[in-house]
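# below are the sequence and a predicted model; questions follow.
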Amino acid sequence: MLMNIITPTADGSNTLYNETIGEHYHSKHGALQESKHVFIDAGLKFATIDLNEISVLEVGFGTGLNFILSFEYCAANNIKLNYTSIEAFPLTIDTIKQTGYAAYVAEEIWTGFISNYPAALKSPQTLLPHCTLEIPHTTLVEYRNDKQFDLIYYDAFSVQHQPEMWSDEIIAHTCSFLKPGGTFVTYAITGKLKRALKACGFTIEKLPGAPGKREMLRAFKVEG
Ligand SMILES: C[S@@+](CC[C@H](N)C(=O)[O-])C[C@H]1O[C@@H](n2cnc3c(N)ncnc32)[C@H](O)[C@@H]1O
């Protein structure tokens, strides 16, 4: 039976190796540092400079690492967080607990997450007064929502292992859920991705990547 195997990364934090896809959930150079660098520092901190409430759409909830770090940052900075994360293959709660990620956030953040995870796969949950979590159990291609978000974390497996998650059509579909003026961040940067985003009316910014990657991408949806 193919499984997700807990694997240490270079910064001491764990990731999972997905035997079906043949890839890790995070960078082997450091799961925690990648999540902080790409999604928290380049995404959330940047997008909340002038906001006290933010809606985030993530593609690929996985272990929830991006979520717990976002939850902690928002709680510490009095920002209301509305977090929606699409996940086609939810992990069991036991696998999530085995990551050891409890060590990276305050106890109330971890407990709030773990106690609401199963229910969040079925409907939106309020974790603390200033955080909601919803994990639609669906594939990205089938995901539908009338809502538009302030920030997208695009955290799919890589184009080498899951090319269908990086097609022009799926990028356009994902970007339809972003508000005009909203921000899109991902750990990857390719010419094809840049062209797909430009075709959807985005401006592109190249930023230094997390350790092990030269560059990452941040893009903005031009306001109408
Ligand atoms: C790189 S991992 C995400 C890591 C995650 N953000 C974390 O912090 O653990 C990619 C995720 O996308 C999910 N996935 C794969 N195919 C998908 C699809 N078609 N639609 C939605 N999610 C998908 C996988 O199950 C996996 O959880």
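Thanks, I have it. Residues are numbered from 1 along each chain as shown.

# so is the helix ranked longest in the chain next to the ligand?
When the chain is parsed with DSSP state H, its longest helix is helix 107-120. No: using CB under 6 Å from any ligand atom, helix 107-120 stays clear of the ligand, coming no nearer than 11.9 Å. Bear in mind the C-beta positions are built from the backbone N, C-alpha and C, glycine included.

# could you point out the helix or strand that follows that helix?
strand 125-128 (DSSP states H and E).

# in its sheet, what does that next one sit against?
strand 131-134 (antiparallel) (DSSP bridges).

# so does the strand it pairs with get close to the ligand?
No: Strand 131-134 lies out of reach of the ligand by CB under 6 Å from any ligand atom, never closer than 13.4 Å.

# what helix or strand is Glu58 on?
Secondary structure (DSSP H and E) places Glu58 in strand 53-59.

# contacts for that strand?
The contact list for strand 53-59 (CB atoms under 8 Å, 6 or more residues apart in numbering) reads 44, 47-48, 66-67, 70, 74, 79-86, 140, 147, 149-156, 165, 174, 177-178.

# from the residues you listed, which ones fall inside strands?
80-86, 149-154, 178 (DSSP state E).

# what residues sit buried inside the strand holding Glu58?
Neighbour counts over strand 53-59 (16 or more other CB atoms under 10 Å) mark Ile54, Ser55, Val56, Leu57, Glu58, Val59 as buried.

# give me the pLDDT for the second one.
In the prediction, the pLDDT value recorded for Ser55 is 98.

# look at Gly224 and report its pLDDT.
For Gly224, the predicted pLDDT is 71.

# over to Ala219?
98.

# for it, helix, strand, or coil?
strand (DSSP: H, G, I helix; E, B strand; the rest coil).

# quick check, it in contact with Thr203.
Yes: contact status for Ala219 versus Thr203: in contact at 6.6 Å, counting by CB atoms under 8 Å.

# so for those two, which sits in the more crowded spot?
Higher neighbour count among Ala219 and Thr203: Ala219, with 26 against 11, using other CB atoms under 10 Å.

# what parts of the protein come near the ligand?
25, 60, 62-63, 65-66, 86-89, 139-140, 155-157.

# tell me which other helices or strands the longest helix of the chain touches.
helix 65-76, helix 93-98, strand 125-128, strand 131-134 (3 or more CB pairs under 8 Å, 6 or more residues apart in numbering; DSSP states H and E).

# point out the most buried one among these.
Sort the helices and strands packed on helix 107-120 by mean neighbour count, taking mean count of other CB atoms under 10 Å, and helix 65-76 sits at the top with a mean of 23.

# what's it packed up against?
Going by 3+ CB pairs under 8 Å, 6+ apart, helix 65-76 lies up against strand 53-59, strand 80-86, helix 107-120, strand 131-134.

# can you give the strand pairings for the second one, parallel or anti for each?
I take that to be strand 80-86. With DSSP bridges as the test, strand 80-86 pairs up with strand 53-59 (parallel), strand 131-134 (parallel).

# columns distance to Phe113 on top of the ones you listed, output as CSV?
Below are those laid out as CSV (distance: least, CB to CB, whole Å):
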stretch, distance to Phe113
strand 53-59, 14
strand 131-134, 7
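
# quick one: closest of those strands to Ile6.
For Ile6, the closest of those is strand 53-59, at 21.3 Å, according to CB to CB.
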